[in-house]
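1. Next input, structure requested:
(one chain, ligands or ions: 1)
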Amino acid sequence: MNYKESKLYSIATLSCPRCHTGHLFINKNPYKISGWDKMHTDCTQCGLHYEREPGFFQGAMYVSYGLGVAFSTAMVLINLLIGFDVFIFFVSNTIGLIVFAPLLFRYSRAIYLNVFIKYRKEKPDVSKINLAS
Ligand SMILES: [Zn+2]
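-> From the prediction side, this is the model:
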């Protein structure tokens, strides 16, 4: 398995977990004000329906929480390197979490999708496949 077939590639490029070519989000720029959180309902390349069941992406909140904790832990370590100050840590961590919130949102959804959906090398028949498998 090479990098392009790995889940890491799908997560890093925010691409469809099944075909790795279709993009998950409508706008590739996460900082575009309108529609930064809008996803395609189905993959534009293989037709995979992303929301497997109603409320599927609520589980991505747990992934987002984990990413936020990892970010805050990294901020603690950085603050320890420069001499820990609670006020500087609090301000830098809050600003960092706000600035990176769109990225945390997107990567948490990509990670969550990749937990449940496997990569398929062959191109699926779009007319027959509608749901993730
Ligand atoms: Zn796809």
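
2. in the chain, what spans have low per-residue confidence?
-> Per-residue confidence for the chain (pLDDT under 70) gives these ranges: 123-133.

3. interface residues of it facing the ion?
-> With Cβ under 5 Å from the ion as the criterion, the chain meets the ion at residues 16, 18-19, 22, 43, 45-46, 48. Yep, even glycine has a C-beta here, placed from its N, CA and C like the rest.

4. Present the residues you listed as JSON lines; the columns should include secondary structure and neighbour count.
-> Below are the residues of the chain next to the ion laid out as JSON lines (DSSP: H, G, I helix; E, B strand; the rest coil; neighbours: other Cβ atoms under 10 Å):
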{"residue": "16", "secondary structure": "coil", "neighbour count": "26"}
{"residue": "18", "secondary structure": "coil", "neighbour count": "25"}
{"residue": "19", "secondary structure": "coil", "neighbour count": "20"}
{"residue": "22", "secondary structure": "coil", "neighbour count": "18"}
{"residue": "43", "secondary structure": "coil", "neighbour count": "22"}
{"residue": "45", "secondary structure": "coil", "neighbour count": "17"}
{"residue": "46", "secondary structure": "coil", "neighbour count": "18"}
{"residue": "48", "secondary structure": "coil", "neighbour count": "25"}
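
5. for stretch 20-29, how far is the first residue from the last?
-> 18 Å (Cα to Cα, to the nearest Å).

6. got the contact list for that stretch?
-> Stretch 20-29 is touched from outside by 4-5, 9-10, 13-16, 35-40, 43-46, 48, 50, 106, 109-110, 113, 119, with contacts defined as Cβ atoms under 8 Å, 6 or more residues apart in numbering.

7. Could you tell me which of the residues you listed belong to helices?
-> When DSSP state H defines the helices, the subset of the contacts of stretch 20-29 inside them is 9-10, 106, 109-110, 113.

8. burial measure for the nearest residue to residue 3 once chain neighbours are set aside, as a count.
-> The shortest distance from residue 3 to any residue that is not its chain neighbour, by Cβ to Cβ, 6 or more residues apart in numbering, is 5.4 Å, and that residue is residue 9. Around residue 9 there are 16 other residues, counting by other Cβ atoms under 10 Å.

9. residue boundaries of the strands in the chain?
-> With strands called from DSSP state E, the chain shows none.
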